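Colleague: predicted structure and sequence below. I'll ask about it afterward.
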Amino acid sequence: RVVRTAYPDHTQFDPSAKYYDPKSAPDNPRWDMVDVQAFKELDRPIPITELKEIPGLENMALFRMSRLSVQPVTAEEWKIITGLRKVKAL
């Protein structure tokens, strides 16, 4: 779950950071980051190839947009995914 909404990624301003971007500035950042926290764990990773075959997940943002590290998941999508495997609270 997202525990802090979008804010400027500080690494884009740091010349020694792997993700430094010389075109970015604190008053004009080029990208943001969010803070996330795990709250459930599946008993195994579910490959994207498997997810693509499951009815009800065909419109997931994961399949429509590229390079998403954080994405929205609807309540119905989450119910389908967590129903695939045993889930334990963290």
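Modeller: In hand now; what should we look at? Numbers count the residues shown, from 1 in each chain.
Colleague: residue 59: what secondary structure?
Modeller: Of the three states, residue 59 takes coil according to DSSP: H, G, I helix; E, B strand; the rest coil.
Colleague: that should have said residue 3, apologies.
Modeller: Secondary structure, three-state DSSP: residue 3 is strand.
Colleague: what about it, how many neighbours?
Modeller: Neighbours of residue 3 under the rule other C-beta atoms under 10 Å: 9. Every residue, glycine included, has its C-beta placed from N, CA and C.
Colleague: in the longest helix seen in the chain, which residues are buried?
Modeller: Longest helix in the chain, counting residues (DSSP state H): helix 75-84. Residues 77, 80-81 are the ones in helix 75-84 that count as buried (16 or more other C-beta atoms under 10 Å).
Colleague: kindly report the same for stretch 17-28.
Modeller: By neighbour count on 16+ other C-beta under 10 Å, the buried set for stretch 17-28 is 21, 24.
Colleague: one step back: as JSON lines, the buried residues of helix 75-84 with pLDDT and distance to residue 69 would be great.
Modeller: JSON lines is the format used below for the buried residues of helix 75-84 (pLDDT from 0 to 100; distance: C-beta to C-beta, whole Å):
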{"residue": "77", "pLDDT": "94", "distance to residue 69": "17"}
{"residue": "80", "pLDDT": "91", "distance to residue 69": "21"}
{"residue": "81", "pLDDT": "88", "distance to residue 69": "17"}
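Colleague: now, which of the residues you listed sits nearest residue 46?
Modeller: residue 81 (6.9 Å; C-beta to C-beta).
Colleague: now do the closest one against residue 10, distance only.
Modeller: According to C-beta to C-beta, to the nearest Å, residue 81 and residue 10 sit 32 Å apart.
Colleague: repeat for residue 1
Modeller: 22 Å.
Colleague: looking at these two, which is more packed in?
Modeller: In this view residue 1 and residue 10 are compared by other C-beta under 10 Å, and residue 10 has more residues nearby, 12 against 8.
Colleague: give me phi/psi at the more buried one?
Modeller: phi -70, psi -20 (degrees, to the nearest 10).
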